[in-house]
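Participant: return a 3D structure for these sequence lines:
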Amino acid sequence: MLALGYTGVLAQASQLPAWAAPAATVPQGVGRLLGTTISAATGQPLAYATVAVLNAASQPVGGAVGGEDGRFVLPGLAPGTYTVRVSLLGYQELLRPGVVVPASGGEVPLGVLPLTAAAQKLGEVVVTARKPLIEELVDRTVYHAENDETTRGGDATDVLRRVPLLSLDLDGNVRVRGSQNIKVLINNKPSTITANSVADGLRQLPADQIRRVEVITAPSAKYDAEGSGGIINIVTKGNALHGGQLALDGSGGTRSGTLNLSGNYRTGRMGFALGGFGRAGYNTPGSFTNEQLTTTPATGAQTRTTQAADTRQNQLFGRYTLGWDFDINAHQGLAASLTYGTRNATTYQDALATATTELATGRTSSSVRNVQLTDDSGTIDASLAYTHTYEVPQRELSALALYSRNNRTYAFMNDTYAASDASQLGRSGNDNPSANQELTAQLDYQTPIGARQLLEVGVKDIQRRVRSDYRYYGQVAAVQAANSFTYRQQVAAAYAAYTLSLPHGFTLKPGVRYEYTALAAELGTGPVGDIPNYGLLVPSVNVLHKLNNGNVLKLAYNRRIQRPSLQFLNPNLQAANPLIQTQGNPALRPEYTNNYELGYGTLLGPANLNFSVFARNTTGAIQSVRTPLRDAAYPGAVRIDYLNIGQENACGGSAFFSLDVGNKLSLSGGLDAYYAVLQNNVPDPNYAARNAGWVLGGRLYGSYALPKGWNVQLFSFYRGQQVQLQGSQSSFAVYSMSLKHDVAGKKGSLGLGAENFFSPTNAVRSDIASPLLSQQSTTVQHLTSFKVYFSYRLGQLTAEPRPHKNVKNDDLKTDENGGGSQGNSATPSATRPAPPAPATPAPPAPKP
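Facilitator: Next up, the predicted model:
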């Protein structure tokens, strides 16, 4: 990740072990403190401790939050004598007085700072230092969703809309710097919940249960070679504490309602976590209009078609989790998890009126139909992980396994009740049950070499099997026969990554990964054809330079691929709207992408500023081809197929800032801009296409702490006009506000939320222009909503972070057509410096 800021210093120092810390030169007269927080009982590092530097008047003059390995760095200190204060929920506060920064400056090692556990009931101690909403780390951007109240009662799409570098349309389709070729991980693990459609999978994840979102745009060789646009890792709230906790929260509003119950319990060497979540979406009216002009290539005959309908949607989601972990001894541990997710969604187009006119003859046909699309799915994920650490720091062996399966039924039904041709009256439709299964095994080993080097090696195997059965009835059955489709894929991989710390503040991390893919596909009527196997060598390199003033500069390159998912492969004909029919292509090949990034970050007064630029080149891009259907049963209809015919180039940049004003006001925001060039390299002028243009996007967030436990938060997001191969899609904006009040000594909260309260509707227009097709469609959604929400928790916990590795499959290209469509970096986290504040007693809980 290149968009680094002042936090890059902390990230670099706290994420790398002592032997790998860059040998930077600290300016004369400026000092910095280094140390590591550990548990006094176990000697293990303690993550995310708050470290404050106090002057002689006991006023904070600097601070930081430690990394996952317990390390922290506090730069930019003037010569003098200070007191260092370390605090962490569930541990006694530690004070280290008499810390001297000499007149010559330089590094002042504090060594190991042991914290003693002190069990405390939640709510009795309130740490008033604010964790940043967004932070820039060495290799990723992290958005701390648990700090944002404006997403309460929503799903993961609401959360991702707030994350820098990401852009989402109104259907929840995600892009990273304009690229939809992404891989979504959940707790560093893949899930078939997103194998068919990322947008559909994200709607099954409750916003209230998301702890943070990590965006990784320059993965090292340790990551799978797939996900050419980037990797999004969604980390949910889990059990990393001793003791027990029970939490209940929910919401109700004009558009949706949620209910969530979760519990954690840990004692001795064993821990358990159990959770259940449900969300219902309702009262979501809208409308749809479409006008298209098609030209027959052979004759030049033209047909004009207009369509209009009212739309509505009902959705019901559920997600249920069970987690278990066990410490075999001080150096060995097991962790297992079982998750089941369910989705039931029904979309209606009421009274879809279609009028078709043949311009040469003036002959007109018309129909009115009700359309119902059903998309039901169930996903099960089961994982088991074994981790073995050694006496040698940073030496670790891990073995991981994952089973994931998604069963899905996609179906549509058209009930035509008025048509100029009586033979078209009646029902027609399609039933398409499918199953997507993955089995994954992974083995990783890392060890230090000498004093300033780290070697990481590993192997991985993924076995995928996809089956899709489809049948048709009514008018559709006359042009498409029932069939089945089976697709098998095996990906065997090995990697090596090497980290070297060089003089003058440079760190070099090259890596290489080799993946071999074996494929087989057949229809129920016979083989698909020759689909060759292929191998790929994927290099990557990251160079980090820490400047003398503490700022960070980073350069990265990586080569990636994107394999097509079932969305693009499935030969099932999707014709819910008979004038726009879509069919997959089982013979698709992967895309190949080269990524280049350059980032710089600095601290300007109390504000963190981060800047990055990038360039991306993709060959063999999977692009849609729209052609007139030329079927007398569907005059004016368009067929959409997928081919590896595209070339996509993009270059641009992003800027981000965060600012704390005093102890009450926090502001953050960012701007993304890139220039995209798309072309399909087709020689036939009827189908050749090229388009280019600038795309802008941005977001702004603000939070203010009011007296007596009240807090108000505001958020706004803008997505500019999108450049598409044959046209464009218009811009739109969303915004929200949340007001929260803490109750019962911060054990619970009550709140109010509102979204798009000044703009009842949001219309998005799509335009397509080509020699054979001119199309303009508009989708209108009613987004204004109001909601109330509550939460309450009880329990007695002490903090004891428990790191475990996870399996991750970072692959498979998925489409951006949401519901209508058919797989761990070891780099620990670190945080940007935040103004520290003392832990103050909260009001005592009422006596029984």
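Participant: in which helix or strand does residue 708 reside?
Facilitator: Residue 708 is part of no helix or strand, with elements assigned from DSSP states H and E.
Participant: which residues touch residue 559?
Facilitator: 225, 538-540, 592-595 (CB atoms under 8 Å, 6 or more residues apart in numbering). In short, each C-beta sits where N, CA and C put it, glycine included.
Participant: now with 7 Å, please.
Facilitator: Contacts for residue 559 (CB atoms under 7 Å, 6 or more residues apart in numbering) come out as 538-539, 594.
Participant: over to residue 463?
Facilitator: Contacts of residue 463 (CB under 7 Å, 6+ apart): 439, 490.
Participant: isn't there a strand covering it?
Facilitator: Yes - using DSSP: H, G, I helix; E, B strand; the rest coil, the secondary structure at residue 463 is a strand.
Participant: gap between it and residue 341?
Facilitator: 21 Å (CB to CB, to the nearest Å).
Participant: do residue 630 as well
Facilitator: For residue 630, the distance to residue 341 - CB to CB - is 42 Å.
Participant: what about the two, which has more around it?
Facilitator: Each of residue 630 and residue 341 has its neighbours counted (other CB atoms under 10 Å); residue 341 has more, 23 against 15.
Participant: that one pairs with what?
Facilitator: Going by DSSP bridges, residue 341 is paired in beta bridges with residue 319, residue 379.
Participant: quick check, it in contact with residue 377.
Facilitator: No - the pair residue 341 / residue 377 is not scored as a contact, 8.0 Å apart, by CB atoms under 7 Å.
Participant: what about the closest residue to residue 391 other than its chain neighbours, distance to residue 36?
Facilitator: Nearest non-adjacent residue to residue 391, counting by CB to CB, 6 or more residues apart in numbering: residue 331, 8.0 Å away. Per CB to CB, residue 331 is found 19 Å from residue 36.
Participant: higher neighbour count, these two?
Facilitator: Using other CB under 10 Å, the more surrounded residue of residue 331 and residue 36 is residue 36, with 22 against 13.
Participant: strands along the stretch 151-300 of the chain, start to end?
Facilitator: Secondary structure of the stretch 151-300 of the chain by DSSP state E, counting those that start in this stretch: the strands cover 166-168, 174-176, 182-186, 210-216, 230-236, 241-253, 256-267, 270-281, 286-295.
Participant: adjacent strands (with direction) for the last one?
Facilitator: Just to be clear, that refers to strand 286-295. Take DSSP bridges as the rule and strand 286-295 pairs in its sheet with strand 302-329 (antiparallel), strand 773-782 (antiparallel).
Participant: make a markdown table out of those and add distance to residue 587.
Facilitator: Putting the strands paired with strand 286-295 into a markdown table (distance: least, CB to CB, whole Å) gives the following:
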| stretch | distance to residue 587 |
| --- | --- |
| strand 302-329 | 30 |
| strand 773-782 | 24 |
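Participant: go through those strands and name the closest to residue 82.
Facilitator: Distance to residue 82, taken as CB to CB, is lowest for strand 302-329 among those, at 37.1 Å.
Participant: could you check the angle that closest one makes with strand 256-267?
Facilitator: Angle between the axes of strand 302-329 and strand 256-267 is 20 degrees (criterion: axes from the mean of the first three to the mean of the last three CA atoms, to 10 degrees).
Participant: and the angle from strand 302-329 to strand 270-281?
Facilitator: 160 degrees.
Participant: what does stretch 465-482 contact?
Facilitator: Against stretch 465-482 from outside (CB under 7 Å, 6+ apart): 424, 426-437, 483-488, 566, 570, 572-573, 575, 631, 633, 822.
Participant: quick one: distance of it to the chain centre.
Facilitator: Its chain's C-alpha centre and that of stretch 465-482 lie 33 Å apart, by CA atoms, centre = their mean, to the nearest Å.
Participant: nearest to residue 520 among the contacts of residue 559?
Facilitator: residue 538 (23.2 Å).
Participant: any idea how far apart the tips of stretch 468-478 sit?
Facilitator: Using CA to CA, to the nearest Å, the end-to-end distance of stretch 468-478 comes out at 20 Å.
Participant: report the buried residues of it.
Facilitator: The neighbour-count check on stretch 468-478 (16 or more other CB atoms under 10 Å) flags 468-472, 474-476 as buried.
Participant: my read: residue 445 touches residue 457, true?
Facilitator: Yes - under the contact definition of CB under 7 Å, residue 445 touches residue 457, with a separation of 5.6 Å.
Participant: wait, a strand at residue 476?
Facilitator: No - assigned with three-state DSSP, residue 476 falls outside any strand and is helix.
Participant: roughly how far does it sit from residue 543?
Facilitator: Look at residue 476 and residue 543: by CB to CB, they are 56 Å apart.
Participant: list the residues that contact the most centrally placed residue in the chain.
Facilitator: Ranked by distance to the mean C-alpha position of the chain (CA atoms, centre = their mean), the top residue is residue 232 at 3.4 Å. Residue 232 makes contacts with 182, 184, 213, 215, as judged by CB under 7 Å, 6+ apart.
Participant: again with residue 719
Facilitator: By CB under 7 Å, 6+ apart, residue 719 lies in contact with 167, 697, 731-732.
Participant: select only the buried ones of those in ChimeraX?
Facilitator: Selection of buried members from the contacts of residue 719 for ChimeraX, criterion 16+ other CB under 10 Å:
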select :167,697,732
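Participant: just the contacts of residue 719: which are in strands?
Facilitator: Judged by DSSP state E, the contacts of residue 719 include 167, 697, 732 as members of strands.
Participant: would you reformat those as TSV and include distance to residue 419?
Facilitator: Shown next, in TSV, are the ones in strands among the contacts of residue 719 (distance: CB to CB, whole Å):
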residue	distance to residue 419
167	40
697	43
732	35
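Participant: which member of those residues is positioned nearest residue 496?
Facilitator: Closest to residue 496, out of all of those and judged by CB to CB, is residue 167, at 34.2 Å.
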